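Novice: A predicted structure for the sequence below; I have some questions about it.
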Amino acid sequence: MTFEEMRMMASGYQPAKTFLTALRVGLFDALADGPKKEDALGAKLALDPRALGIVADALTSVGILTKGVSGYALSEEAERYLVKGREGYRGAVLEHIHASWEDWSDLEATLRTGSAKCRRKKESLPKVDEALKNFILGMENITRDMAPKVAGILPLRDRESILDLGGGPGNYALAFLAEAKGAKVFHFDLPRVTPIAKNFIAGKEGSDRIEFISGDFLKDPLGGPYDFIWTSQILHMLPEAEVERMVGRLADVLTPDGVFCVHEHFLDDDKDGPVAAAFFGVHMLAATPGGRAYSFKELEEMMRGAGLMKTERIDYGAKPRLLLGRR
């Protein structure tokens, strides 16, 4: 890496904070009904016109906004993804990313103590309802396109009883049912999450084949047995000992011919890549008390320790990757 590349990495917070702040103050919503100049935007949002103009120019420079004689306007992509109420809106996940800013700001202290001083110190989810909703719907934003793609490559067709552990909004549950026509999915998540998932899933195709289980998967009964168990992006929140215990608990409720699938930002065996997984590990260091990114090798060893001797790694072209375990 050259020094110029190092410098660019060091200043990466500048465009990120500019973009996320614009989303939070409602700049993109304010432009949904047409172009506006900074004075009109300032009046509509109760913000300083001069400051808004500087921020809007920066967003124009990277293509999020456009600028003409009538003022600033949304780009095609901003119109699709950044306006609340639009079908393609994905701002919830961006709000979730913004909510992690404080945790990252404490990274130096975390390096000194080894434990994050973060809002999720004692809870695995945000305490404030609005932050929780942004988190869960943010996961919906991320999995909306990913879930059908993943479901299409998994051995689901003849499955009958599927556990979606930490099911979040429910995109995976719905995608699995589209592949496994005779299956029932058990959506397991915390009591605060279940109402959000029920509201999202209601009326969608396959919703009548989903049963909701509210509980804490670290201590409450998991039900079962299941012939397919799915965990997506939850093990990274846990310390190593809890991950190993969780893998064992899940193996105990897997049928003899069942498949246990872990979907994570897996590190390579040496833990020094890929880049996205390595930095995701830092995010877990900053945002959880004891979580981190795990390597394929680490999870394979845990699976074998739980009696799942046959493992298969799958890279399907996204940042997360898949690990399947069988007896």
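Specialist: Received, thanks. Numbering: from 1, shown residues only.
Novice: Any idea how far the longest strand along the chain is from the middle of the chain?
Specialist: Ranked by residue count, the top strand of the chain under DSSP state E comes out as strand 254-264. Going by C-alpha atoms, centre = their mean, to the nearest Å, the spacing between the C-alpha centre of strand 254-264 and its chain's C-alpha centre is 21 Å.
Novice: again with stretch 14-29
Specialist: Averaging C-alpha positions (C-alpha atoms, centre = their mean) puts stretch 14-29 20 Å from its chain's average.
Novice: Now do the same for residue 53: helix, strand or coil?
Specialist: When the structure is split into helix, strand and coil by DSSP: H, G, I helix; E, B strand; the rest coil, residue 53 lands in helix.
Novice: so it makes contact with residue 47?
Specialist: No. Distance between residue 53 and residue 47: 10.4 Å, which falls outside the contact criterion (C-beta atoms under 8 Å). For the C-beta atoms, the positions are set from N, CA and C on the backbone; glycine is no exception.
Novice: And the helices in the stretch 201-327 of the chain?
Specialist: The residue ranges that make up the helices of the stretch 201-327 of the chain, judged by DSSP state H, counting those that start in this stretch, are 240-252, 275-287, 296-305.
Novice: Okay, the residue located most distally from the centre of the chain and residue 37: tell me how far apart.
Specialist: With distances taken from the mean C-alpha point of the chain and given as C-alpha atoms, centre = their mean, the most distant residue is residue 69, at 39.2 Å. Distance, residue 69 to residue 37, using C-beta to C-beta, to the nearest Å: 10 Å.
Novice: Run a quick neighbour tally on residue 23.
Specialist: Residues contacting residue 23 under the criterion other C-beta atoms under 10 Å number 19.
Novice: Leaving out the residues flanking it, which one is nearest to residue 192?
Specialist: The spatial neighbour of residue 192 that comes closest, neighbours along the chain excluded (C-beta to C-beta, 6 or more residues apart in numbering), is residue 132 at 6.1 Å.
Novice: Okay, angle between the host helix or strand of the one you found and strand 254-264 too, please.
Specialist: Residue 132 belongs to helix 129-151 when assigned by DSSP states H and E. Interaxial angle of helix 129-151 relative to strand 254-264 (axes from the mean of the first three to the mean of the last three C-alpha atoms, to 10 degrees): 110 degrees.
Novice: What's the mean pLDDT across helix 129-151?
Specialist: Taken as a whole, helix 129-151 has a mean pLDDT of 88.
Novice: As CSV, could you dump the C-alpha coordinates of that helix?
Specialist: What follows is helix 129-151 as a C-alpha-only set of coordinates in CSV (Å, rounded to 0.1, in the frame of the first residue of the first chain):
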residue,chain,number,x,y,z
ASP,A,129,-37.1,0.9,19.8
GLU,A,130,-36.4,3.1,16.8
ALA,A,131,-32.8,1.9,16.7
LEU,A,132,-33.9,-1.7,17.0
LYS,A,133,-36.4,-1.1,14.1
ASN,A,134,-33.6,0.4,12.0
PHE,A,135,-31.3,-2.6,12.8
ILE,A,136,-33.9,-5.2,11.8
LEU,A,137,-35.1,-3.4,8.7
GLY,A,138,-31.5,-2.7,7.9
MET,A,139,-31.0,-6.4,7.8
GLU,A,140,-34.0,-6.6,5.5
ASN,A,141,-32.4,-4.1,3.2
ILE,A,142,-29.2,-6.2,3.0
THR,A,143,-31.0,-9.6,2.6
ARG,A,144,-33.7,-8.6,0.2
ASP,A,145,-31.7,-9.6,-2.9
MET,A,146,-29.3,-12.0,-1.1
ALA,A,147,-31.9,-14.4,0.4
PRO,A,148,-33.3,-15.8,-2.9
LYS,A,149,-29.8,-16.2,-4.3
VAL,A,150,-28.6,-18.1,-1.3
ALA,A,151,-31.7,-20.2,-1.1
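Novice: who's in contact with that helix?
Specialist: Contacts to helix 129-151, defined as C-beta atoms under 8 Å, 6 or more residues apart in numbering, come from residues 89-97, 99, 125-126, 168-172, 174-176, 178-179, 192-193, 196-197, 200, 232-233, 263, 316, 318, 320, 322.
Novice: pull the CA atoms of the helix or strand that it is followed by into CSV?
Specialist: Moving toward the C-terminus from helix 129-151, the first helix or strand encountered (DSSP H and E) is strand 161-165. Once non-C-alpha atoms are left out, strand 161-165 reads as follows in CSV (Å, rounded to 0.1, in the frame of the first residue of the first chain):
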residue,chain,number,x,y,z
SER,A,161,-38.6,-28.6,9.1
ILE,A,162,-36.3,-25.6,8.9
LEU,A,163,-35.0,-23.5,11.8
ASP,A,164,-34.2,-19.9,11.0
LEU,A,165,-32.2,-18.9,14.1
